[in-house]
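> I would like to see how this sequence folds:
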Amino acid sequence: MTIKRFQLLFFTITPFIIFGVFQFISAAYMTKWPHTLRTGASICLAVLLLIIALQVALRDTHYFPGAVTMFFVVWTILLYSTPVGSYGHIIEEGGPAAFMLKHPQFGLYGALFLMALAPPLFGRPPFTCYFAAGMAPEAFHRSRLYLRVNLVITYFWALLFGLCAATQFLPGMVLQSALPFVLQLAVGVPATRFMVPFLQRKLAFVEHQTTRPYLVRAYDAVMGMPFIFDEKASAGVNTVFQFRIHGDEEFSAFLTVKDGTCVFSDGEAAHPDCIITSPADVWLRIARGELDGAAAFLKRMYTAEGDLSCLIKLQEIFQGSAERTSENSGLYAAVNRRASDGHHVSVDPGSIKKVLVIQGSPRGKGVSNTDILAGEFLMGCEDAGAETETVYLKDKNIRHCTGCFSCWTRTPGSCVHDDDAADVMRMADAADLVVYAFPLYHFGINALMKKYIERTLPMLEPFLVPSGDGSTCHPIRETRKKKRYAVFISVCGFPELSHFEPLSAQIRALGSSGEAGGMGVVAEIYRPASETLGIPFYKKERRRVLGLAREAGRQVVTAGKIDSPVVDAIARVEIPVSQMRKEANLTWELCIREGKTLPQLQKEMSTVRSDQTDIT
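Numbers count the residues shown, from 1 in each chain. You can find the predicted model right below:
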């Protein structure tokens, strides 16, 4: 048995042994030998005062000796202030004084009740902190979670002590003596054992976004992470975090997060998912809340290998985020309403055999978020049996429309520019579905795609005719009467879906007026916060969105339409907006500091681990 364990048992049990001795003396000598009763109470009080003196010498903070001493102070004063020969008469007469003399347990549990309630009211730690000291790392004894859990359990015990005091009003010595022990041992102890882990899980939110100035060692910071672990934030996480700390402290340790639990272990993990290598002072500042973990990583203050999306989960699990994610509900309703109003059309199921993606992003493969999203959509089309092809406008020679209208007059149906635009239009003619994919630039269609769409003017005749909604439009040439179906896919860096509203209005006009070859718009797929598709920090979000994009591709081929919930879920950003703004700004600062473009940085980060592109 360790010295601390012996000390805890001594200061817990001894005061109650002393009380038991006094209770025996009280029952035996109350009326027959009152002088012996006084002497016994004085001796018990003196012994308890010696115990408290020993506590002071050992710097022990157990409240039980003080509570029992308070009882004896009151009882000794009561005994000495009452004439010796009056004890029997007082008991015979009844009343409060008689009850107090006959039921010392009432006084004891009353003292314990005050011991449980009073310290927190005066800014002192709850009495249960003494017993909980060995259940959490010492460095975290001043954390909000530790104090909150102990406060709840302390109030529970205050209620229990109050009930024990109330048992003294029951008839019969058996109930008065036995029931308090049953309440404490059969109810209090098991309930406390259940409440400690339960409250640690349920109250983990109190640690969200807190500073921890009490931490002085990086080792304590890592070892104590399971204590501030947020079970709710860890849902679905099965990850091993390896820490390699160097500098002022040198140690290796790892955390295993699995099935809603977190376990600390010294040494090296066999198969870590994320390896964090950091100077001790840097990680200590992160743990104390003085330094943002994402900012420190982007500033190269520490390094990480493996699955970088784990770094985001690390912050969520152990620091939390009080902000709700953006719902982006406004445009969902608007786009879905247009679908129900007939502005979106459906195709006969199984009639789409060939799909052409006209890709308007100026970025190359691997760093184009448009290409990542559209590519997954195409894979879904292929899964459903369709033949697919992609045209990259950035690789084509397409000149600007000069507005000469020769394609309407001198060379009807043919443009004066002899370039690649005609080939792309022929490919579009041969496809059953054309997917227009492009990034959102300045709230609209970007230049590459706009340039191509403007060059589709030869598909139309110059005459003015009414469209389906009564507005004026140009009719489609007889040689191009085949009905064309289109899906629009667009991405932007902003996290709010509302930035697509001007684009959506333009697409509605294109689909209803006969422009761009008379398109029937099947769906509009928008993805805000599109940088999450190319940065490995957001692996979970990337997998979710790309999985949905693939499902959208399957649906458009098999069902001839795309379910609104799928389109909505692609557009939903399940990351707090403030977090995205902060991390985007840090990324831009890094690009500026290192003289790199964002695509260069994305490509660099995406090569940290080959499986970052895996979405299965």
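> if you count neighbours, what's buried in the host helix or strand of Ala57?
Here Ala57 sits within helix 34-58, counting by DSSP states H and E. In terms of neighbour count (16 or more other CB atoms under 10 Å), helix 34-58 has its buried residues at 34, 37-38, 40-41, 44-45, 47-48, 51-52, 55. Quick note: C-beta positions are derived from backbone N, CA and C, even for glycine.
> ok, stretch 468-482 next?
473-476, 480.
> and those residues as TSV, adding distance to Asp395 and secondary structure?
Shown next, in TSV, are these (distance: CB to CB, whole Å; DSSP: H, G, I helix; E, B strand; the rest coil):
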residue	distance to Asp395	secondary structure
Cys473	32	strand
His474	30	coil
Pro475	32	coil
Ile476	28	strand
Arg480	25	helix
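> just the strands in this protein please.
Along the chain, counting by DSSP state E, strands occupy 239-246, 251-258, 261-266, 274-279, 303-306, 354-359, 387-392, 433-441, 444-445, 465-466, 472-473, 484-491, 519-527.
> out of the ones you listed, which is closest to Phe71?
Between Phe71 and these, the tightest spacing by CB to CB is seen for strand 261-266, at 41.8 Å.
> quickly run through the sheet partners of the closest one, with directions.
If you go by DSSP bridges, strand 261-266 pairs up with strand 251-258 (antiparallel).
> name the nearest of the buried residues of stretch 468-482 relative to Val424.
Scanning the buried residues of stretch 468-482 for proximity to Val424, where the rule is CB to CB, the winner is Arg480, at 14.1 Å.
> just for the stretch 351-500 of the chain, where's the confidence low?
Applying pLDDT under 70 to the stretch 351-500 of the chain picks out residues 366, 469, 480-482.
> recalculate using a threshold of 80.
364-367, 467-471, 478-483 (pLDDT under 80).
> likewise for the stretch 151-300 of the chain?
Looking at the stretch 151-300 of the chain by pLDDT under 80, you get 172-174, 201, 205, 207-210, 231-236, 294-295, 298.
> helices of that one, start to end?
173-181, 189-202, 218-223, 280-288, 293-298 (DSSP state H, counting those that start in this stretch).
> which elements pack onto the second one?
With contacts defined as 3 or more CB pairs under 8 Å, 6 or more residues apart in numbering; DSSP states H and E, the packing partners of helix 189-202 are helix 144-166.
> so what touches stretch 362-369?
359, 361, 370-371, 394, 439, 446, 448, 491, 527, 530-531, 533-534, 599, 602-603, 606 (CB atoms under 8 Å, 6 or more residues apart in numbering).
> who are the contact partners of the residue lying closest to Asn369 once chain neighbours are set aside?
Distances taken as CB to CB, 6 or more residues apart in numbering place Ser530 nearest to Asn369, at 4.0 Å, with adjacent residues excluded. If you count contacts by CB under 8 Å, 6+ apart, Ser530 has them with 369-370, 373, 439, 491-493.
> quick one: which of these is nearest Asp292?
The nearest member of the contacts of Ser530 to Asp292, counting by CB to CB, is Gly493 at 20.7 Å.
> go ahead and build a ChimeraX selection from the buried members of the contacts of stretch 362-369.
Buried subset of the contacts of stretch 362-369, written as a ChimeraX selection, criterion 16+ other CB under 10 Å:
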select :359,361,370,371,439,446,448,491,527,530,531,533,534,599,602,606
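> per-residue pLDDT of the spatially closest residue to Ala132 that is not a sequence neighbour, please?
By the measure of CB to CB, 6+ apart, the closest residue to Ala132 outside its immediate chain neighbours is Asn150, 5.6 Å from it. pLDDT for Asn150: 94.
> what number of residues lie near Asn150?
Using other CB atoms under 10 Å, Asn150 has 25 other residues around it.
> Tyr155 reaches Pro119, doesn't it?
No. With contact defined as CB atoms under 8 Å, Tyr155 does not reach Pro119; the gap is 11.6 Å.
> no more questions from me, cheers.
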